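Undergrad: let me see the structure of the following:
(chains A and B)
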Number of protein chains: 2
Amino acid sequence: MPETVSDIGEFGLIDRIDALIQRQGTRAPEVSVGIGDDCAAFQPRSGYDILMTCDAMVEGRHYLPHLITPLDLGRRAMTLNISDIGAMGGVPRYALISLGLQPAIRVGDVEAFYLGCIEALDPFHAVIVGGNITRSEGPNFIDITLIGEIEHGLSVRRSTAKPGDVIVVTGYPGQSAAGLHVLLSDLAGDEWKGHPLVQAYARPSHRAVEGAAVARSGLATAMIDISDGLLGDLGHICDQSRVDARIYQKYLPISPAFRDGARHLKRDPMEFILGDSDDYELIITCRPEHALEVQSLIRSIANVPVTAIGEIIPSPEGGRNIHMTSPDGVTRRVNRSGWDHFAR
Amino acid sequence: MPETVSDIGEFGLIDRIDALIQRQGTRAPEVSVGIGDDCAAFQPRSGYDILMTCDAMVEGRHYLPHLITPLDLGRRAMTLNISDIGAMGGVPRYALISLGLQPAIRVGDVEAFYLGCIEALDPFHAVIVGGNITRSEGPNFIDITLIGEIEHGLSVRRSTAKPGDVIVVTGYPGQSAAGLHVLLSDLAGDEWKGHPLVQAYARPSHRAVEGAAVARSGLATAMIDISDGLLGDLGHICDQSRVDARIYQKYLPISPAFRDGARHLKRDPMEFILGDSDDYELIITCRPEHALEVQSLIRSIANVPVTAIGEIIPSPEGGRNIHMTSPDGVTRRVNRSGWDHFAR
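TA: Alright, predicted model coming up:
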């Protein structure tokens, strides 16, 4: 019988996780107190602001355990928080991981989850400094708080886009949602395992290094990561900046693999691009004269497309609207609700 | 029909909570980005360390909604995190609140919960800067991350108690557990509502102000708050400091109200003092020559008993054991497992 969490108890599990982090995680000399005290403590760097974000995932709602390995789940859960830090232009430093666990869960799966988290944090020399483990009679849940830092004054917000700005997007938004559809469909045979769409769902990238470079360049007027879908997150920029946006359907990036996968799914890629999708790509707005520089800056870091898809326009109603121009030149207002957890 | 969370959706709820925090919460000029961006951001104070803690509560396991009002639940959830910051000697500054909510929950109850959180944070001018709201098909859950600060080098840890130190405790540990038993028993009529035991459960104090004063005094060798029971948390000090502890049963503090309530419950108060209880009182260890000063320092802040209950002793086995001397002078090793979420 594989060892379960109820076999070793809460404190037994904390000891095991602590040992794993000691063994596998990065050392952080500025952390004076880590796991095993009332709080973790670190000495902040002078001249830097502290960034804080948190995100929760509930089993059955945000992930299905038979579609993702515990290692990939840990990577993914940490990636979405890293993406939030990166979308401000910051660098992740300290993570607190809070888990609600059913007693029958395997200790090995919990350890694999933490390894995935460590794998995602390692490139930044970021460390797990604390957290909480509790029993859940309902579904397992994960809540991660990630603390980052950014040089004072450099953070890029959602609320500062201006009419005339170009809207630039990294990667292929919608691929993650399409990958999840592949896994949920009867397509999900072994030949699909390494497919770029499935990889986009199971092992998503984040653009935190690119986001930090964009912030340092001072060229972005606003930035956000895509976790509520392209329209959902562009909508957040519109709301907070009190502007409208116009995007051109013909410019929306679709990779050959994306087009091919959508064909197998008998779906239009546009459904995925314009629907809910958590791709952890970036939407960046900048003055038109800076668009090429922003694009080449990101391409110098990652082999990823950086596409201008439209522009910010004034909003007669004080924000909220996204207009899309179809290939035949007709412009319509599109529903930009994005992902609302209670709406369905 | 009262308005529910599913009526207004995730973003509707976030807007409402944001408005409530703007209206009711403290202003914090060093917070440059608050709720509504990818991350919250603040500028840390020079010469201070940052403290981080998080704690989760699951409905049905950590609280029963018919035994605590949403307002008290918010206060209680925040108090236990404030207590962790205080047990290091720090001051709470920024909170991130992550909620998993059933769609049928009332918006008014969620707002009352946040008001309770704000009420607990207000004395410290601490602010809610972010969080996460997700739908839960299982029980509602609450996960709070609290960020605090403390002057560099002043934090008091669990791992630094030394043989010969006196063990001091604030308040009446066990009262919270006894209060919960009152609520769960058929005693719970209206005449019990204001009873100190019930208040100890529903509206627990924390000792964060006292903890910060103790840290500044430099007199404590170790400090922890009581959230896993007196023995559980004294046990954490023993583990981390690799020492044993001896406590004297006759010195364990029992208030008249506690003794009276236990009699009505037909229970020995010792069961509550030595069992699981989350009282958010402090256990402090210090050199014997400093015990009176520590006690009078705390009493100068709060009208609360501060009792020396025993001493730290060397551990032949490298820590883990608590010995209790009964009133008739017999010393026995006591089970110090405290609260283990998976053990039952």
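
Undergrad: closest point of chain A to chain B, which residue?
TA: A:Gly138 (1.9 Å; CB to the nearest CB). Yep, even glycine has a C-beta here, placed from its N, CA and C like the rest.

Undergrad: does that residue really touch B:Gln102, like I thought?
TA: No: in this structure, A:Gly138 is not within contact of B:Gln102 by CB atoms under 8 Å, at 9.9 Å.

Undergrad: between the two, which has more neighbouring residues?
TA: For A:Gly138 and B:Gln102, the more surrounded residue by other CB atoms under 10 Å in any protein chain shown is A:Gly138, and the numbers stand at 22 against 17.

Undergrad: against B:Asp15, how distant is the residue of chain A closest to chain B?
TA: According to CB to CB, to the nearest Å, A:Gly138 and B:Asp15 sit 27 Å apart.

Undergrad: same question for A:Ala126.
TA: 32 Å.

Undergrad: quick check, the helix or strand of chain A with the lowest mean pLDDT touching chain B?
TA: The helix or strand of chain A with the poorest confidence is strand A:31-33; it has a mean of 81 (mean pLDDT, DSSP states H and E). Yes: remark: strand A:31-33 sits within contact range of chain B at A:Ser32, A:Val33, by CB under 8 Å from any CB of the partner chain.

Undergrad: what comes up buried for stretch A:119-134?
TA: With burial defined by 16 or more other CB atoms under 10 Å in any protein chain shown, the residues of stretch A:119-134 counted as buried are A:119-121, A:124, A:126-134.

Undergrad: touching, A:Pro305 and A:Tyr172? I think so.
TA: Yes: with contact defined as CB under 8 Å, A:Pro305 counts as touching A:Tyr172 (7.1 Å).

Undergrad: hey, what's in contact with both of the two?
TA: Taking CB atoms under 8 Å, 6 or more residues apart in numbering or on different chains as the contact rule, A:Pro305 and A:Tyr172 both touch A:Pro253, A:Ser255.

Undergrad: these two - which one has more neighbours?
TA: A:Tyr172 (26 against 16).

Undergrad: report pLDDT for that one.
TA: Looking at A:Tyr172, its pLDDT is 96.

Undergrad: what is the subsequent helix or strand relative to the least confident helix or strand of chain A?
TA: strand A:40-42 (DSSP states H and E).

Undergrad: any weak-confidence spans in the stretch 51-200 of chain A?
TA: Within the stretch 51-200 of chain A, the ranges that satisfy pLDDT under 70 run A:187-188.

Undergrad: A:Gly131 falls within a helix, correct?
TA: No: under DSSP: H, G, I helix; E, B strand; the rest coil, A:Gly131 falls outside any helix and is assigned strand.

Undergrad: bridged to it, which residues?
TA: A:Gly131 has the following beta-bridge partners by DSSP bridges: A:Ile97.

Undergrad: same for the helix or strand containing A:Glu271, what does it pack against?
TA: A:Glu271 belongs to helix A:269-274 when assigned by DSSP H and E. Counting contacts by 3 or more CB pairs under 8 Å, 6 or more residues apart in numbering or on different chains; DSSP states H and E, helix A:269-274 is packed against helix A:175-184, helix A:230-241, helix A:256-264.

Undergrad: redo those as CSV? Include distance to chain B and mean neighbour count.
TA: Converted to CSV, the helices and strands packed on helix A:269-274 look like this (distance: least, CB to the nearest CB, whole Å; neighbours: other CB atoms under 10 Å in any protein chain shown):
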stretch, distance to chain B, mean neighbour count
helix A:175-184, 17, 23
helix A:230-241, 6, 24
helix A:256-264, 25, 16
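
Undergrad: now tabulate these in TSV and tack on distance to A:Gly194.
TA: Listed next are those as TSV, based on distance: least, CB to CB, whole Å:
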stretch	distance to A:Gly194
helix A:175-184	11
helix A:230-241	25
helix A:256-264	11
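
Undergrad: which of these sits closest to B:Gly310?
TA: Between B:Gly310 and those, the tightest spacing by CB to CB is seen for helix A:230-241, at 55.8 Å.

Undergrad: which element follows that closest one toward the C-terminus?
TA: Next element after helix A:230-241 (DSSP H and E): strand A:244-248.

Undergrad: chain B contacts on the stretch 101-250 of chain A?
TA: So far as CB under 8 Å from any CB goes, the stretch 101-250 of chain A lies against chain B at A:103, A:129-139, A:141, A:143, A:145, A:147-148, A:150, A:152, A:155, A:157-159, A:224-225, A:240.

Undergrad: what does the residue nearest to A:Pro139 when sequence neighbours are not counted show for phi and psi?
TA: Excluding the flanking residues, the one nearest A:Pro139 by CB to CB, 6 or more residues apart in numbering or on different chains is A:Glu59, at 4.1 Å. For A:Glu59, the backbone dihedrals (degrees, to the nearest 10) come out as phi -60, psi 140.

Undergrad: which residues touch A:Glu59?
TA: Contact analysis of A:Glu59 by CB under 8 Å, 6+ apart lists A:Pro65, A:Pro139, A:Asn140, A:Phe141.

Undergrad: just the residues you listed: which are in strands?
TA: The members of these that map onto strands under DSSP state E are A:Phe141.

Undergrad: nearest to B:Glu191 among the contacts of A:Glu59?
TA: A:Phe141 (39.2 Å).

Undergrad: report the beta-bridge partners for the closest one.
TA: Beta-bridge partners, per DSSP bridges, of A:Phe141: A:Val58, A:Gly100.

Undergrad: that one: neighbouring residues, count only.
TA: By other CB under 10 Å, neighbour count at A:Phe141 equals 28.
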